[in-house]
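Visitor: Structural data only, the sequence is not supplied:
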């Protein structure tokens, strides 16, 4: 489990594609130093397992399903990614509950520079619009953010200078693809209120 409070960024060091899957090695800097083989780490909000480790470098395996569902399949050597270590039971829940299970991808369609922030407009898949509410939470590339604007198939999110410096938002541009994870509480509520189907069990 994560909170969407990104601890820093890493950089893609190496990619080896095998069919529709890939092995990726990242330079995680100080965050990479803390990781051990077998531990979880959120990369652009995607929960992954560390399969190899050498000093600040760590490697992960990206399976076909993850390649299709996230922006990890678009990574190239040198790209920066958001990194977050899992939540400890004693930690503060600074953002919101983030599982690292990406629901789908969105596309940045506009970036507006304001006086002390930036407004990013992101187009989201129509099937996920029902999970969004004004001033609700959404994780974009693993960053816990508040929905500042909600218009049809687009959301507007305000990015403050700290977030621009600490995350990959400082490198994002119009047309970029981002990972999206919607509020798990809303998804559970929807599931609970769905009519039960008749069948065995």
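Guide: Received it, and whenever you're ready, just let me know what you need. Just so you know, these numbers come straight off a predicted model, no measurement behind them. Residues are numbered from 1 along each chain as shown.

Visitor: CA only for contacts and neighbour counts going forward, please
Guide: Will do.

Visitor: Run through who's touching the helix ranked longest in the chain.
Guide: In terms of residue count, the longest helix belonging to the chain (DSSP state H) is helix 184-193. Contacts made with helix 184-193 from outside it, assessed by C-alpha atoms under 8 Å, 6 or more residues apart in numbering, are listed as 97-99, 131.

Visitor: ditto for stretch 138-150
Guide: Under the contact criterion C-alpha under 8 Å, 6+ apart, stretch 138-150 has outside partners 3-6, 42-46, 82, 84, 95-96, 98, 100, 132-137, 155-158, 178-183.

Visitor: likewise stretch 33-47?
Guide: Outside stretch 33-47, the residues touching it (C-alpha under 8 Å, 6+ apart) are 2, 4, 48-53, 55-58, 70, 72, 81-86, 99-102, 139-143, 179, 181.

Visitor: List the ones among those residues that fall in strands.
Guide: Using DSSP state E, the members of these that fall in strands are 48-53, 57-58, 81-84, 139-140, 143, 179, 181.

Visitor: before we move on, the earlier item: now the two most distant members of the contacts of helix 184-193.
Guide: Spanning the widest gap among the contacts of helix 184-193 are 99 and 131, at 15.4 Å by C-alpha to C-alpha.

Visitor: These two: which is more packed in?
Guide: A side-by-side neighbour count of residue 99 and residue 131, using other C-alpha atoms under 10 Å, places residue 99 first with 21 against 17.

Visitor: confidence score at that one?
Guide: At residue 99 the predicted local confidence, pLDDT, stands at 91.

Visitor: measure it to residue 106 for me?
Guide: With distances taken as C-alpha to C-alpha, to the nearest Å, residue 99 is found 18 Å from residue 106.

Visitor: Weed out the non-buried ones from the contacts of stretch 33-47.
Guide: Buried residues within the contacts of stretch 33-47, counting neighbours by 16 or more other C-alpha atoms under 10 Å: 2, 4, 48-51, 53, 56-58, 70, 72, 81-86, 99-102, 139-143, 179, 181.

Visitor: hey, which helix or strand in the protein has the poorest pLDDT?
Guide: The helix or strand of the chain with the lowest confidence, counting by mean pLDDT, DSSP states H and E, is helix 184-193 at a mean of 85.

Visitor: buried set for that helix?
Guide: Quick answer for helix 184-193 (16+ other C-alpha under 10 Å): residue 184.

Visitor: burial measure for residue 79, as a count.
Guide: By other C-alpha under 10 Å, neighbour count at residue 79 equals 14.
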